[in-house]
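Novice: sequence and predicted structure are below.
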Amino acid sequence: MKQYLELCNYVLEHGVRKEDRTGTGTISVFGYQMRMNLQDGFPLLTTKRVPFRLVATELIWFLKGDTNLRYLLEQNNHIWDEWGFQKWVESKEYTGPDMTNFGLRSQEDPEFEQLYKQQLAIYQQRVLEDDRFAEQFGDLGNVYGKQWRSWEGADGQVYDQIQYIIDEIKRNPDSRRLLCNAWSASELKNQQLPPCHYAFQFYVHDGKLSCMFQMRSNDVFLGLPFNIASYALLTHLIAHECNLEVGELIYTGADVHIYSNHIEQVQTMLEREPRALPTLKLNPELKSIFDVEWDDLELIGYDPHPPIKAHVAV
Ligand SMILES: Nc1nc(=O)c2c([nH]1)NC[C@@H]1CN(c3ccc(C(=O)N[C@@H](CCC(=O)O)C(=O)O)cc3)CN21
Ligand SMILES: O=c1ccn([C@H]2C[C@H](O)[C@@H](COP(=O)(O)O)O2)c(=O)[nH]1
């Protein structure tokens, strides 16, 4: 994954200091593109371990059309917890200790961190066990799953954008409309986090399926390795269903940033030598992308450098 390391170097060299919503601070560039040939292997970073199980269960959650944290918690996937927790602590029903600005405060104040962890554990338990609570406070709003699978049109109808893409690839592979859009101006107020990867498009040539995805805002150290692997997996799944090979994965990022508290981690990673990419094997029995489960996926030959920890900006 030379391309990803080049991107890191590019942001470190050319990035400008920029404040951001989370109060963390970033170095950021505007506009960057990368191309990865999926025939070269599955693009999961090798310069740090990226938990593929978390990438895959998040994508499966999107593909189910689900927007509730309960499924992710059942899969022991905690990458979205903070955004559900935020909704809970900002609600009128929450009467526990003050959790204002918990993301930054838990990094700076160990005593507060303990309190936050307790409250988060209570929240997770309730989402898992209490149906009414989960429905109200476990739901992240009309995020990716909803937009991908049940887009509400201006005509009042509901549209499944993924099904449309699959049907079109089978029917008319030369189409230039093989596109899914998650950005809806009227829905922004109903989302815990407006979509970061907000659109993707497919392209079929010579029996191969390529995918290009667009990101308005991208956390280079924590988000991007997940995003690349997730779209690579989506491309493999759709190619499998449509009897195609995989082609290229093309990334287009707008505000591409490294958070100021991730710079050391990025530098550690840049000192490491990339290793051979793993390969992905899909269960040959898998018929529909909408039935995919974690057991249908097998990653072969993933031998990364050790993980590197970092705080996520909320
Ligand atoms: N600031 C920020 N960056 C993101 O990448 C991001 C958001 N916010 N908000 C929504 C989702 C959630 N995503 C996340 C959140 C956390 C990790 C993360 O902490 N990854 C760790 C492993 C975590 C674990 O093992 O539980 C890593 O080392 O990759 C990754 C992606 C991507 N998105
Ligand atoms: O898939 C994702 C989801 C989120 N991110 C990052 C990009 C930003 O650092 C934050 C979102 O903050 P905004 O202020 O809404 O831009 O999350 C990502 O990299 N990948």
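Specialist: Cool, got the structure. Ligands and ions are numbered 1, 2, ... in the order given.

Novice: how many residues are close by Arg132?
Specialist: Neighbour count for Arg132, taken as other C-beta atoms under 10 Å: 8. Bear in mind the C-beta positions are built from the backbone N, C-alpha and C, glycine included.

Novice: of all of this protein, which residue lies closest to ligand 2?
Specialist: Residue of the chain nearest ligand 2, by C-beta to the nearest ligand atom: Gly223 (2.3 Å).

Novice: for that residue, which non-adjacent residue is spatially closest?
Specialist: Ranked by C-beta to C-beta, 6 or more residues apart in numbering and with sequence neighbours excluded, the top spatial neighbour of Gly223 is Cys196, at 6.9 Å.

Novice: show me the residues around the one you found that make contact.
Specialist: 215-218, 223, 227 (C-beta atoms under 8 Å, 6 or more residues apart in numbering).

Novice: list only buried entries from those.
Specialist: The neighbour-count criterion (16 or more other C-beta atoms under 10 Å) marks 215, 217-218, 223, 227 among the contacts of Cys196 as buried.

Novice: what is the nearest of these to Phe290?
Specialist: Asn227 (21.4 Å; C-beta to C-beta).

Novice: which SSE is the residue nearest to Leu188 when sequence neighbours are not counted in?
Specialist: Of all residues not flanking Leu188 in the chain, Pro194 sits nearest, at 5.1 Å (C-beta to C-beta, 6+ apart). Counting by DSSP states H and E, there is no helix or strand that carries Pro194.

Novice: and the stretch 51-200 of the chain, which residues reach ligand 2?
Specialist: By the rule C-beta under 6 Å from any ligand atom, the part of the stretch 51-200 of the chain lying against ligand 2 is 193-194, 196-197.

Novice: which of those residues tops the neighbour count?
Specialist: Among those, His197 has the most neighbours (other C-beta under 10 Å), with 21 neighbours.

Novice: need the contacts of Cys196 in JSON lines with pLDDT and secondary structure, can you?
Specialist: Converted to JSON lines, the contacts of Cys196 look like this (pLDDT from 0 to 100; DSSP: H, G, I helix; E, B strand; the rest coil):
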{"residue": "Met215", "pLDDT": "98", "secondary structure": "strand"}
{"residue": "Arg216", "pLDDT": "98", "secondary structure": "strand"}
{"residue": "Ser217", "pLDDT": "98", "secondary structure": "strand"}
{"residue": "Asn218", "pLDDT": "98", "secondary structure": "strand"}
{"residue": "Gly223", "pLDDT": "98", "secondary structure": "helix"}
{"residue": "Asn227", "pLDDT": "98", "secondary structure": "helix"}
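
Novice: quick one: residues contacting the residue nearest to Gly23 when sequence neighbours are not counted.
Specialist: Distance criterion C-beta to C-beta, 6+ apart; nearest residue to Gly23, sequence neighbours excluded, is Leu104 at 5.6 Å. Remark: with contacts taken as C-beta under 8 Å, 6+ apart, Leu104 is in contact with 22-24, 314.

Novice: so can I have a markdown table of the residues you listed showing secondary structure and pLDDT?
Specialist: Formatted as a markdown table, these follow (DSSP: H, G, I helix; E, B strand; the rest coil; pLDDT from 0 to 100):
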| residue | secondary structure | pLDDT |
| --- | --- | --- |
| Thr22 | coil | 95 |
| Gly23 | coil | 95 |
| Thr24 | coil | 96 |
| Val314 | coil | 96 |
